[in-house]
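*Asks:* give me the fold of what follows.
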Amino acid sequence: MRVDKIMVKKKIGEGEKKLKMGWFSFSCCEDSTIVFTELLNDHFEEWNRIFEFQHVRILRSKNKLEGLDVAFVEGAIASKADEKKLLEIRKNCKKLVAIGSCAVTGGPAAQRNDFSKELQKEIEPLIKKFRMHKKVYRLDELVRVDYKVPGCPMSEEKFFEVIEKLKEDFGVG
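*Replies:* All right, here's what the predicted structure looks like:
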């Protein structure tokens, strides 16, 4: 068989640098995760060249947290357990992107921060029972956030802008 007759087909993303990414969700309605899932329907082939989906529970049952280049984090931090997980994510990623209003501004998930004193006293037993923080935190109150994608759900336009910035930051694509 002659070499010039052999077709060599490169697998998608093979030999190309990819960003090891994770997608995480905390206290929110997870609308940005739904938008991300819908965007995957249209952009999976393109994004599969850019990203190694290392920790994305909506795509994989076995996930790896260590060595992420970028972590997309949706939601506000309402409990000590959530804070611990967020700190672990920050420790294991080079860039962290706050996704959606709850992650960026705290609200609407943080609405209990503005409850009256009477209502706060009323919910205090639940806060203790479920080991919640007295306050709900936006991400940048607890960790360094490199990029923000506001909106409820997230702004698709801003999300695409952040992907382009990440590609530049890491020299990918």
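*Asks:* as a check, name the ranges of all strands in this protein.
*Replies:* According to DSSP state E, the chain carries its strands in the segments 19-25, 51-56, 68-74, 77-79, 93-99, 132-137, 147-149.
*Asks:* what are the pairing partners of the fifth one, and which direction each?
*Replies:* Looking at strand 93-99 with DSSP bridges, its paired strands and their directions are strand 68-74 (parallel), strand 147-149 (parallel).
*Asks:* what's the spacing between that strand and its chain's center?
*Replies:* In this view, strand 93-99 has its centroid 7 Å away from the chain centroid, taken as Cα atoms, centre = their mean, to the nearest Å.
*Asks:* low-confidence ranges, the protein, go.
*Replies:* Applying pLDDT under 70 to the chain picks out residues 1-15.
*Asks:* ok, which stretches of it are helices?
*Replies:* Secondary structure of the chain by DSSP state H: the helices cover 31-50, 80-91, 100-105, 117-129, 156-170.
*Asks:* so which elements touch the shortest one?
*Replies:* Taking 3 or more Cβ pairs under 8 Å, 6 or more residues apart in numbering; DSSP states H and E as the contact definition, the neighbouring helices and strands of helix 100-105 are strand 68-74, strand 147-149. (C-beta placed from N, C-alpha, C; glycine too.)
*Asks:* nearest to Lys134, of those strands?
*Replies:* strand 68-74 (21.6 Å; Cβ to Cβ).
*Asks:* got the angle between that closest one and helix 80-91?
*Replies:* Taking axes from the mean of the first three to the mean of the last three Cα atoms, to 10 degrees, strand 68-74 and helix 80-91 form an angle of 150 degrees between their directions.
*Asks:* if we can go back for a sec, can I get the strands paired with strand 93-99 in TSV including distance to Glu157 and mean neighbour count?
*Replies:* Supplementary listing: the strands paired with strand 93-99 in TSV, determined by distance: least, Cβ to Cβ, whole Å; neighbours: other Cβ atoms under 10 Å:
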stretch	distance to Glu157	mean neighbour count
strand 68-74	16	25
strand 147-149	9	22
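*Asks:* quick one: closest of those strands to Phe130.
*Replies:* Among these, if distance is taken as Cβ to Cβ, the winner is strand 68-74, at 20.2 Å.
*Asks:* got JSON lines for the strands of the chain, with distance to Glu168 too?
*Replies:* Formatted as JSON lines, the entries for the strands of the chain read as follows, by distance: least, Cβ to Cβ, whole Å:
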{"stretch": "strand 19-25", "distance to Glu168": "11"}
{"stretch": "strand 51-56", "distance to Glu168": "15"}
{"stretch": "strand 68-74", "distance to Glu168": "12"}
{"stretch": "strand 77-79", "distance to Glu168": "29"}
{"stretch": "strand 93-99", "distance to Glu168": "11"}
{"stretch": "strand 132-137", "distance to Glu168": "29"}
{"stretch": "strand 147-149", "distance to Glu168": "12"}
